[in-house]
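S.K.: quick one: sequence and predicted model below, then my questions.
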Amino acid sequence: MIDKILRKRRYVREFDEDYDIPYSLVNSLLKKTWKVTPSKNNFMPYMIHVLGPAQQKYKEKVFENCLSSEGLGDGIEDPLNTRYKDNLPNYGNILSCSYLLIFTLRLEDKPNPFQKAAIDDGHRYEAVDENRLDLLYPSASLEVGMFANSFSSLCLKKDIDVSFVGCFHRDLSKWSDIPFVTRTPILLMPIGKGKVYRDKTAKQSPIERLDLKPNYERIVNFIQ
């Protein structure tokens, strides 16, 4: 059952901006995901900022952030007029998505009673330490991945399309024009109703038809 749902996922080049997805539905799906997603020591060291249909100006700023991140070190000052002058990059779907989820690190400033007792007993947790929080980035990224995958399943079951974007600045100083992003970003997740899918446009591009996953045998190694 779950594999059939997950097979529905296709990369969205452009979302349908006229398709309405109620806030109540997105909130319900996020809450269900929160309930089922595990977390080491129950800290859930990440925040999810949800930009709805009315937050287009911030979606545009996030898109610009992604775009500028491609110019680092390769001499490209304006990728939109050079590399992407004919088509938007894949993460251009940020501009048309109904909702954009921005996952960032989160500092726990209200540990639960069990956590507090452990802290009082001498345990040191990066999740509650401002000076060590960035050390959690790898494990927080893993947890975000689990959350995002579960949320994807629930969205796809409701015929809502999802995408994942990892092309953006990790340097927090590059997010200064988006005031609510105060911790290092981990993942961007545009959601909505797909209008243009990559697997459809790829048929028009021979090189894109060769953009395939590595073979199963190269990824899974059984030790017998």
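M.R.: Structure's in. What do you need? Numbering: from 1, shown residues only.
S.K.: check which helix or strand H49 maps to.
M.R.: strand 46-51 (DSSP states H and E).
S.K.: compute the inter-axis angle for the longest helix seen in the chain and strand 46-51.
M.R.: As assigned by DSSP state H, the longest helix anywhere in the chain is helix 137-157. If you take axes from the mean of the first three to the mean of the last three CA atoms, to 10 degrees, helix 137-157 sits at 40 degrees to strand 46-51.
S.K.: can you list the buried residues in helix 137-157?
M.R.: 137, 140, 143-144, 147-148, 150-156 (16 or more other CB atoms under 10 Å). For glycine as for every other residue, the C-beta is placed from the backbone atoms N, C-alpha and C.
S.K.: which strands or helices does the helix or strand following the strand holding H49 pack on?
M.R.: Beyond strand 46-51 on the C-terminal side, the first helix or strand identified by DSSP H and E is helix 56-69. Using 3 or more CB pairs under 8 Å, 6 or more residues apart in numbering; DSSP states H and E, the elements in contact with helix 56-69 are strand 46-51, strand 99-105.
S.K.: before we move on, the earlier item: check the offset of the strand holding H49 from the chain's centre.
M.R.: Chain-centre distance of strand 46-51: 9 Å, with CA atoms, centre = their mean, to the nearest Å.
S.K.: could you check the angle it makes with helix 56-69?
M.R.: Using the same axes, to 10 degrees: strand 46-51 against helix 56-69 is 120 degrees.
S.K.: same for strand 46-51, what does it pack against?
M.R.: Taking 3+ CB pairs under 8 Å, 6+ apart as the contact cut, strand 46-51 packs with helix 23-36, helix 56-69, strand 99-105, helix 137-157.
S.K.: ok, it: who's next to it in the sheet?
M.R.: Strand 46-51 has its sheet partners listed here by DSSP bridges as strand 99-105 (antiparallel).
S.K.: give the rounded mean pLDDT of the helix or strand that the strand it pairs with is followed by.
M.R.: Of the helices and strands lying after strand 99-105 in sequence (DSSP H and E), the nearest is helix 113-120. In this model, helix 113-120 carries a mean pLDDT of 97.
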